[in-house]
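A.B. asks: Okay, sequence plus prediction incoming.
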Amino acid sequence: MKTVSGTNRYALKESRIGLLLAVPALIVFSLVVLYPFVNSIIMSFTDRSLLRRGFSWVGIQNYVKIFSDPNFPQVLKNTAVFVLLGTLLPFFGGLIWAILLNQSFRSSGILRGITLVCWIIPSTAIGFIWMWIFHGHYGILNHIFITLGISSQNIVWLGRPDTALYSVVAAKTWQTLPFAMAFILGALQAVNLETIESARIDGAGNLRVFWYVVLPEIQNVLTMLILLMVIGSIQHFDLLWVMTEGGPARATTTLSIEVYNKAFLSFRLGEAASVGTIWTGILMVFGYFYLRRKTD
Amino acid sequence: MKIAKVVSLMLCIMLTALPLFSQAAEEKPQEIVFAGWAGEEANSRPIIDEMIDTWNAKDTGYTAKWVGWPWDKTFEQLIIRTEGGEALDVLQVGFSWALAMDEMDGVLELSDVFDKQWLEENFEESALSAGMIDGELKALPWTLASIGTLYNPTILEAAGVTKIPQTTAEFESALAKIKAYDPSLIAYGFCTKGTTLTADFLPWLWTFGGAVFDEAGNVTIDSAEAVKALTWLKSLADKGYIQMDMDRFDLRTIYARKQVAFYHDAIMAEGIAATNGVPENELASTIQPMLLPVLKAGDAPQSSLWGHLLQISRNTADKQQAADFIKHIVGEEMSLKYFAKTGMLPVIKKAMANPMVQNDEWSSKWVEITKYGKMSELNAYAQADELTKIIAEELQAALISSKTPAVAMKDAKTRIEGAIR
């Protein structure tokens, strides 16, 4: 029989092994995540450029430059519109689709599988597919609109400031709707059927059942999902870049595109890092709510 | 006990893996890495492969290898990889990149690796000047020409355009006839997307008497002439002759489908049209080069000088081998093969004098355009790509009526001044 002190010694050894096993992961985390993150914040206070060696400290000059740039409010506005619509449309689309697929009907399984295909296709490929759909000269959408008499001439969807951002949002909705659907469908299938049956016996219709029985049960999942989708939308780059490159005339330039332009077109790493730091700050707000919700 | 087991296991893994790494390091072959975009394009890929294969067939002790990206990604890749210390040797660069590569201290001075006599025997002084930076040879020309204007003779004839337009007024009249003939055609394939927009704009800016910079280096892109040039282009867009959201890649594809009457491209346009599906026997009736229309008769037609340069990366392990590889690819045999497959004009004297080049009808027409070739003013700045992007964004803003041409050009001036400060 072990003594109390003997048990403690054993526990200490176990914790040391745990620490030892975690060390490689901590080293990798520090090298791959922590170091670039801290380095990027430090870099945002320098005039570092890829076009020359060495750098000087410039204090908050990069931040002053960004906030005094007359184009930056438009970048923030574009980001806000893209995040708002790029989250809400696939979210509600996914919710409706999940409710439909949750009904046991023939071929619902096949439909689930087909829906997930949109999510599996790489972003770049989706960008090209939708770029061709929206193309102002040979795009199929224009062909459909003209055939149906909705429009008399081709619309240059991606070349007009009033339609370009919404066109990219449409592509993003198509891409991320399955993600929302899969999440919500999983939650729906965990809802207690007996409670639903009881509500129906008490005379509740579909809407009342959803509102008073189903929604409270899946509320936590929905909140987590929205936070994840907001974070994903703020980070989004691929579709915007492939479809419009931030144009026309910066009409679709979001924070992610701005960082890319500053880093790899202007090669001004200091300025890119300061936009990236602002971007990360915004992301951290949503990350905080996500982690708090997860802990709850 | 458990700690001892874990540590022993880790040691075993390390000891097993160590010889594998050291063996890999010992057996790594010596390589010449040729980096650029030519090997990524369908019409030039076979000849790039041949250049590498013929080099590898020689007993040099170095194996050549191609590393490439699409054209619009090449510059950033070269900069990032050079900065990251990646082993690149010979770099294919555009005119506007050479200075930036030099300013970042990413390339070698070539007079040290090519002897003076070889350079003088093989290159015209004017050709070598394309690679001179601050009096030092930092790049060798691989191919030099101009960005020209192409037209589809069949469409023009069908639309009743009997004469190749020589002035802007004639050009506009031709565009009106083409649009009236078939509204679904793109009368003028002016690039309206991405940074190629600036490349298409500059010759028109010069045509109207404007310039991005004056001789003292002051930004003059907001001059009355520049505003006039943009106002004219916007009027073409408003009339539906120019279509938004078109880049060079789109236009090349649509041109090959005979849906574009005029567009701008480099000398290999004919080869690209063939690659994109225009049958050999229809090339002459589908694509022909012409001089850019002038403002009034007697003015000099404008064109933007274009070409590819070769540089040697500072990361090269053997600069002499890299230089020898350059000699191999710009040499007479390879230059002529490159010309035959892609239409790229050679720069080496013997290749230029070859009857294959001299008697080529397409090239002769292009030489006429190149006579008026002018180096983009933006190339004098290491931030040429950033300036190109600024101008493109402001032009787009004017073309889509977000800004008036005067405001767009004024904003372009402010932003350019900020970028080069």
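C.D. replies: Received, thanks.
A.B. asks: So for the chain, the centremost residue is which one?
C.D. replies: Just going to use chain A. Centroid-nearest residue in chain A, with C-alpha atoms, centre = their mean: residue A:232, separated by 1.3 Å.
A.B. asks: I was after chain B.
C.D. replies: residue B:94 (5.2 Å).
A.B. asks: From what I see, it and residue B:308 are in contact.
C.D. replies: Yes - counting by C-beta atoms under 8 Å, residue B:94 does reach residue B:308; the two are 6.8 Å apart. The C-beta positions use only the backbone N, C-alpha and C, and glycine is treated the same way.
A.B. asks: Just the CA trace of stretch B:289-307, in PDB.
C.D. replies: What follows is stretch B:289-307, C-alpha atoms only, in PDB (Å, rounded to 0.1, in the frame of the first residue of the first chain):
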ATOM      1  CA  PRO B 289       0.000  44.800 -85.400                       C
ATOM      2  CA  MET B 290      -0.500  48.500 -85.900                       C
ATOM      3  CA  LEU B 291       1.000  51.800 -84.600                       C
ATOM      4  CA  LEU B 292      -0.900  53.500 -81.800                       C
ATOM      5  CA  PRO B 293      -3.000  56.300 -83.200                       C
ATOM      6  CA  VAL B 294      -1.700  59.800 -82.700                       C
ATOM      7  CA  LEU B 295      -3.500  63.000 -81.600                       C
ATOM      8  CA  LYS B 296      -2.900  64.700 -84.900                       C
ATOM      9  CA  ALA B 297      -1.200  63.700 -88.200                       C
ATOM     10  CA  GLY B 298       2.500  64.100 -88.000                       C
ATOM     11  CA  ASP B 299       2.900  63.200 -84.300                       C
ATOM     12  CA  ALA B 300       5.100  60.300 -83.300                       C
ATOM     13  CA  PRO B 301       3.200  57.200 -82.400                       C
ATOM     14  CA  GLN B 302       3.800  56.100 -78.800                       C
ATOM     15  CA  SER B 303       4.700  52.700 -77.400                       C
ATOM     16  CA  SER B 304       6.000  51.400 -74.200                       C
ATOM     17  CA  LEU B 305       9.300  49.600 -74.300                       C
ATOM     18  CA  TRP B 306       8.900  46.000 -73.100                       C
ATOM     19  CA  GLY B 307      11.200  43.100 -72.600                       C
END
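A.B. asks: tell me the domain boundaries of the chain?
C.D. replies: No chain specified, so I'll use chain A. Using automatic domain parsing, the domains assigned to chain A come out as A:1-43, A:62-295.
A.B. asks: Actually, chain B is the one I wanted.
C.D. replies: Taken from automatic domain parsing, chain B resolves into B:30-145+B:306-374, B:146-304+B:377-420.
A.B. asks: Tell me who's in contact with the nearest residue to residue B:277 once chain neighbours are set aside.
C.D. replies: Among residues not flanking residue B:277 along the chain, residue B:256 sits closest, at 5.2 Å (C-beta to C-beta, 6 or more residues apart in numbering or on different chains). Counting by C-beta atoms under 8 Å, 6 or more residues apart in numbering or on different chains, residue B:256 touches B:272, B:273, B:276, B:277, B:278, B:286.
A.B. asks: which residues touch residue A:195?
C.D. replies: Residues near residue A:195 by C-beta under 8 Å, 6+ apart: A:213, A:217.
A.B. asks: Chain A: helices as residue ranges?
C.D. replies: Using DSSP state H, the helices of chain A run over A:4-29, A:35-43, A:61-68, A:72-102, A:108-120, A:123-133, A:140-147, A:164-189, A:193-201, A:206-209, A:215-235, A:238-244, A:255-264, A:269-295.
A.B. asks: Return the set of buried residues in the fourth one.
C.D. replies: With burial defined by 16 or more other C-beta atoms under 10 Å in any protein chain shown, the residues of helix A:72-102 counted as buried are A:72, A:75, A:78-79, A:82-83, A:85-91, A:93-95, A:97-99, A:101-102.
A.B. asks: same for that helix, what does it pack against?
C.D. replies: Packing partners of helix A:72-102 (3 or more C-beta pairs under 8 Å, 6 or more residues apart in numbering or on different chains; DSSP states H and E): helix A:108-120, helix A:164-189, helix A:215-235, helix A:255-264.
A.B. asks: and what of the last one?
C.D. replies: Judged by 3+ C-beta pairs under 8 Å, 6+ apart, helix A:269-295 is in contact with helix A:35-43, helix A:61-68, helix A:215-235, helix A:255-264.
A.B. asks: Which among those is found nearest to chain B?
C.D. replies: Taking C-beta to the nearest C-beta, helix A:255-264 is the member of the helices and strands packed on helix A:269-295 nearest to chain B, at 4.3 Å.
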